[in-house]
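Colleague: build me a structure from this.
(one chain, ligands or ions: 1)
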Amino acid sequence: MSSTREGQHPTPLATGTSLNAIVIGAGFAGLYMLYRLRKLGLSARVFEAGSGIGGTWFWNRYPGARCDIPSMEYSYQFDQQLEQEWEWSERYATQPEILDYINHVANRFNLRPDIELNTRIQAAHFDETQSRWKLGTADGREFSARYCIMATGCLSSANLPAIPGIDRFAGESYHTGRWPHEGVDFSGKRVAVIGTGSSAIQSIPLIADQASELYVFQRTPNYSVPAHNRPLGDEEQASFKANYRALRELGFKEHPFGFAHRMRQDLCSEATAEQRQQRYQEYWERGGLQFLGAYADLMLDKDANASAAEFLRQKIASQVDDPEVAAALTPRQVVGSKRLCVDTRYFATYNRPHVHLVDLKAAPIAQITEDGLIAGETVYQFDAIVYATGFDAMTGALARIDIRGRQGQKLADKWAAGPRTYLGLASAGFPNLFFITGPGSPSVLTNMLPSIEQHVNWISDCIAHLQESGKTRIEADETAQETWVEHVNEVANATLFPVANSWYLGANIPGKPRVFMPYIGFPSYVEKCHQVVANGYEGFSLS
Ligand code: NAP
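Modeller: Just a heads-up that it's a prediction; the model follows:
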């Protein structure tokens with residue numbers, strides 16, 4: 001199904017306008033937040049820096065960009081008709097198809113008239129006397145709103161590494177997270193890709209199809225499981241739709257990462273070597289991220305994890321012809337401690353004669369030059385460089401806004417040693433400011449769509465409660481927040497997630513404090529959010 005870009009976005013809001021709520025970001029989170037605010041009868045506007053809606057799916061248009069969550073699950077569940085009418089064409093949807101879906105949602109619920117594009121919010125200051133947020137745009141306008149809601153995304157602030165000479169390159173430069181809308185033709189060109197995370201792993205096989213020479217600069221190899229992507233059959237789709245309620249419920253109530261299936265309960269530590277091999281092979285053939293669910297203890301028990309890692313390492317060896325290249329592509333870290341990748345033809349791409357792997361561990365990039373780069377002693381020349389170097393995850397988009405709470409306290413200062421939130425939803429000292437899928441919430445360790453909806457539902461119920469009870473302020477208590485931050489760390493430290501230098505910890509950004517940011521365990525988190533409300537917004541002060 002496709003959807004044209006119908007509907008009008010509004011003309012710029014006049015400076016000085018007061019609203020009930022302002023939402024920053026028009027991705028999945030911002031759109032649904034607007035929908036809910038409207039249902040409450042509140043005046044609201046979404047501000048979006050991009051020239052179109054879609055958030056991460058608007059910006060990440062690199063070749064091969066697609067979701068690594070099955071498309072039947074990567075969709076909204078708040079409207080059953082929407083759920084039934086939309087048809088996905090493949091097991092894993094492409095970026096254009098997801099963007100079509102988002103545009104369809106915006107049209108279907110007539111959301112565009114309250115979404116202002118091409119507008120970057122650069123400041124948000126809390127006015128204590130009025131209990132209102134004052135927001136400033138990059139073009140010098142100012143607005144105020146009772147509630148300010150950050151729908152700024154977890155993976156939206158592109159990370160361009162500070163490599164000496166980066167501005168000197170005279171050829172074409174691209175970042176996977178800021179891909180040109182008109183697309184890029186690499187035919188006949190010598191291309192460099194820097195990075196081997198999910199974005200690189202998806203794009204490298206397709207860039208290799210066009211480029212005359214492709215050099216991949218790898219700092220850390222990653223594990224990857226085949227997507228086994230395929231068209232979605234009508235019957236499969238119909239059966240999923242017929243069971244949507246029960247399947248979605250599994251995500252909320254049972255699966256630790258919010259997926260629509262039951263997590264296995266059996267333990268790798270209790271299985272024989274032969275049983276493990278069979279199990280891993282079964283999950284390899286299924287494909288996708290669910291590989292990590294082959295046993296319940298893969299992210300809890302080092303030995304269990306090591307057996308899964310070894311299976312994946314063998315698979316790399318079996319796909320790559322040159323044993324030296326295979327060895328260089330072989331990760332050593334705990335599998336899952338950096339996000340597991342999902343690929344189509346990734347490792348086999350290194351068997352092509354024009355594709356070259358450069359191991360940066362042996363020879364780091366010294367500088368970018370006018371026509372290429374120097375790594376170790378070797379000089380490389382290219383026509384184009386693709387930075388597949390990821391994001392300043394979870395806090396990067398917030399850090400770009402000058403956010404100040406009570407007594408002028410800057411969020412950046414408060415979070416200097418790492419983000420501090422209560423439930424990932426709010427931070428003490430910043431009343432009436434909400435984060436959708438903020439640090440300290442399950443967010444990136446879940447299917448993002450149910451996580452977004454759960455947060456938006458919680459925030460809109462909270463605002464409704466404030467309106468009904470005649471209150472104008474809600475603020476997280478410092479103690480509740482600190483207890484939560486401690487709990488997030490405790491839960492993470494009982495698993496193997498924090499053991500690598502991952503973006504979950506901020507370790508990919510030089511100077512960023514190392515704090516494990518997502519909360520592990522979606523059902524327990526959902527339950528905690530319910531309890532907080534049932535106990536009269538426990539841990540928050542309402543006034
Ligand atoms: P990423 O996982 O952070 O990968 C960035 C890559 O760039 C890493 O290999 C990193 O190496 C390398 N790098 C960074 N700075 C470098 C430098 N100065 N020199 C050399 N190499 C450098 O970023 P991503 O691939 O964009 O993915 C980020 C996340 O977005 C994923 O983990 C996933 O959650 C999401 N995503 C999902 C999909 C999907 O749905 N299929 C697709 C793309 C992205 P190190 O590992 O050594 O730091």
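Colleague: near the ligand, which residues of the stretch 401-543 of the chain?
Modeller: V444, W503, N508 (C-beta under 6 Å from any ligand atom). Heads up, the C-betas are built off the backbone N, CA and C, glycines and all.
Colleague: a markdown table please, covering the residues you listed and showing neighbour count and pLDDT.
Modeller: As requested, those are exported to a markdown table (neighbours: other C-beta atoms under 10 Å; pLDDT from 0 to 100):
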| residue | neighbour count | pLDDT |
| --- | --- | --- |
| V444 | 19 | 97 |
| W503 | 24 | 97 |
| N508 | 22 | 95 |
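Colleague: can you pull the contacts of the closest residue to the ligand within the stretch 51-200 of the chain?
Modeller: Nearest to the ligand, among the residues of the stretch 51-200 of the chain, is G197, at 2.2 Å (C-beta to the nearest ligand atom). For G197, the contacting residues are N222, K338, R339, C341, A388, G390, by C-beta atoms under 8 Å, 6 or more residues apart in numbering.
Colleague: same thing but at 7 Å, please
Modeller: Applying C-beta atoms under 7 Å, 6 or more residues apart in numbering to G197 gives the contacts N222, A388, G390.
Colleague: between the residues you listed, which is closest to I53?
Modeller: Relative to I53, the closest of the contacts of G197 is G390; by C-beta to C-beta it sits at 23.1 Å.
Colleague: re the thing from before, a markdown table for the residues of the stretch 401-543 of the chain next to the ligand, including distance to H255?
Modeller: Output for these, formatted as a markdown table (distance: C-beta to C-beta, whole Å):
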| residue | distance to H255 |
| --- | --- |
| V444 | 15 |
| W503 | 23 |
| N508 | 27 |
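Colleague: which of those fall in strands?
Modeller: Per DSSP state E, strands hold no members of those.
Colleague: tell me the residues on the stretch 251-400 of the chain that lie near the ligand, please.
Modeller: R339, V342, L360, I365, A388, T389, G390, F391.
Colleague: how about the first one: what's its closest non-neighbour residue?
Modeller: Read it as R339. Nearest residue to R339, sequence neighbours excluded (C-beta to C-beta, 6 or more residues apart in numbering): S198, at 6.3 Å.
Colleague: burial of that neighbour, as a residue count?
Modeller: Residues near S198, counting by other C-beta atoms under 10 Å, number 22.
Colleague: touching, it and K338? I think so.
Modeller: No - judged on C-beta atoms under 7 Å, S198 makes no contact with K338 at a distance of 9.6 Å.
Colleague: which residues does the closest residue to the ligand within the stretch 251-400 of the chain contact?
Modeller: Residue nearest to the ligand within the stretch 251-400 of the chain (C-beta to the nearest ligand atom): G390, separated by 2.5 Å. For G390, the contacting residues are N159, G195, G197, W503, N508, by C-beta under 7 Å, 6+ apart.
Colleague: please name the nearest non-neighbouring residue to it.
Modeller: Leaving aside its sequence neighbours, G390 sits nearest to N159 (C-beta to C-beta, 6+ apart; 5.1 Å).
Colleague: torsion angles phi and psi at the one you found?
Modeller: N159 adopts backbone torsions of phi -100, psi 110, taken as degrees, to the nearest 10.
Colleague: again with E249
Modeller: Backbone dihedrals for E249, given as degrees, to the nearest 10, come out at phi -60, psi -40.
Colleague: what about the strands in the stretch 301-450 of the chain?
Modeller: Per DSSP state E, counting those that start in this stretch, the stretch 301-450 of the chain carries strands over the ranges 341-343, 355-359, 365-368, 372-375, 378-381, 384-387, 402-404, 433-435.
Colleague: buried deepest among the ones you listed, which one?
Modeller: The highest mean neighbour count among those, using mean count of other C-beta atoms under 10 Å, belongs to strand 433-435: a mean of 25.
Colleague: identify all contacting residues around that strand.
Modeller: W133, Y147, C148, I149, M150, T421, G424, L425, A426, I459.
Colleague: tally of neighbours for the third one?
Modeller: Under the neighbour criterion other C-beta under 10 Å, C148 is assigned a count of 25.
Colleague: where are the low-confidence patches of this structure?
Modeller: Applying pLDDT under 70 to the chain flags residues 1-7.
Colleague: biggest strand in it by residues?
Modeller: Counting residues, the longest strand found in the chain (DSSP E) is strand 142-150.
Colleague: whichever helix or strand comes after it near the ligand anywhere?
Modeller: Next along the chain after strand 142-150, taking DSSP states H and E as the criterion, comes strand 172-175. No - applying C-beta under 6 Å from any ligand atom, one finds strand 172-175 separated from the ligand by no less than 9.0 Å.
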